[in-house]
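Chemist: structure for the following, please:
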Amino acid sequence: MLLRLASSQDCPSVIHLIDGVLREYGDEICLTGADQDLMDITGHYDQLGGAFVVLDDDARIRGTHAVVPDDSRHDVCFLRRLYLDKALRGGEWGSRLMDWTLEWATAHGARRVELWSDTRFERAHAFFRRCAFQPDGRERTMDDGLVPYREYFFYREL
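Modeler: Just a heads-up that it's a prediction; the model follows:
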């Protein structure tokens, strides 16, 4: 498997992967709202000065992760879109995706990384804690999906 920057040709495969994960939780992708960035991954993340990586398994996308600098705080980056094929969860690939984004953030001057995570993703929250992320108690309700959902806030100092 190859960890590489996403290309515009990856959009359909990335959408398929993320939609599959969301369906495990009784939800689905919303390309007119919360997931609109996936329609033009490279354009969206390049415009924000960030990066979107994929885990490519012979042209099959099996994982994703993205990092974006905060335009109002020069030493903070946001992590987004950490998704893995169900068969790869709990192994080395989640850590490799996380390591890539943390290295990118550090190389681009970040001293802190932050993320919001859907409250339903309990296994991901345990992973974030193992990666030294801390929740700070904040929670928000989002209405940009097909149904409203809630998210927890996590952060990590670099």
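Chemist: what about the helices in this structure?
Modeler: Applying DSSP state H to the chain gives helices spanning 11-24, 41-47, 92-107, 122-130.
Chemist: strands of the chain, start to end?
Modeler: For the chain, the strands defined by DSSP state E occupy 2-5, 51-57, 60-69, 76-84, 112-118, 134-142, 149-157.
Chemist: looking at the chain, which residue lies furthest from center?
Modeler: Farthest-out residue of the chain from its mean C-alpha position, per Cα atoms, centre = their mean: residue 58, at 21.5 Å.
Chemist: how close does that one sit to residue 52?
Modeler: According to Cβ to Cβ, to the nearest Å, residue 58 stands 20 Å off from residue 52. Yep, even glycine has a C-beta here, placed from its N, CA and C like the rest.
Chemist: how about the helices of the chain in JSON lines, adding distance to residue 114 and mean pLDDT?
Modeler: Below are the helices of the chain laid out as JSON lines (distance: least, Cβ to Cβ, whole Å; pLDDT from 0 to 100):
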{"stretch": "helix 11-24", "distance to residue 114": "20", "mean pLDDT": "97"}
{"stretch": "helix 41-47", "distance to residue 114": "16", "mean pLDDT": "96"}
{"stretch": "helix 92-107", "distance to residue 114": "10", "mean pLDDT": "98"}
{"stretch": "helix 122-130", "distance to residue 114": "11", "mean pLDDT": "97"}
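Chemist: which of the ones you listed sits closest to residue 69?
Modeler: Nearest to residue 69 among these is helix 92-107; the distance by Cβ to Cβ comes to 8.1 Å.
Chemist: any weak-confidence spans in this structure?
Modeler: Counting by pLDDT under 70, the chain contains no low-confidence segment.
Chemist: nothing else from me, thank you.
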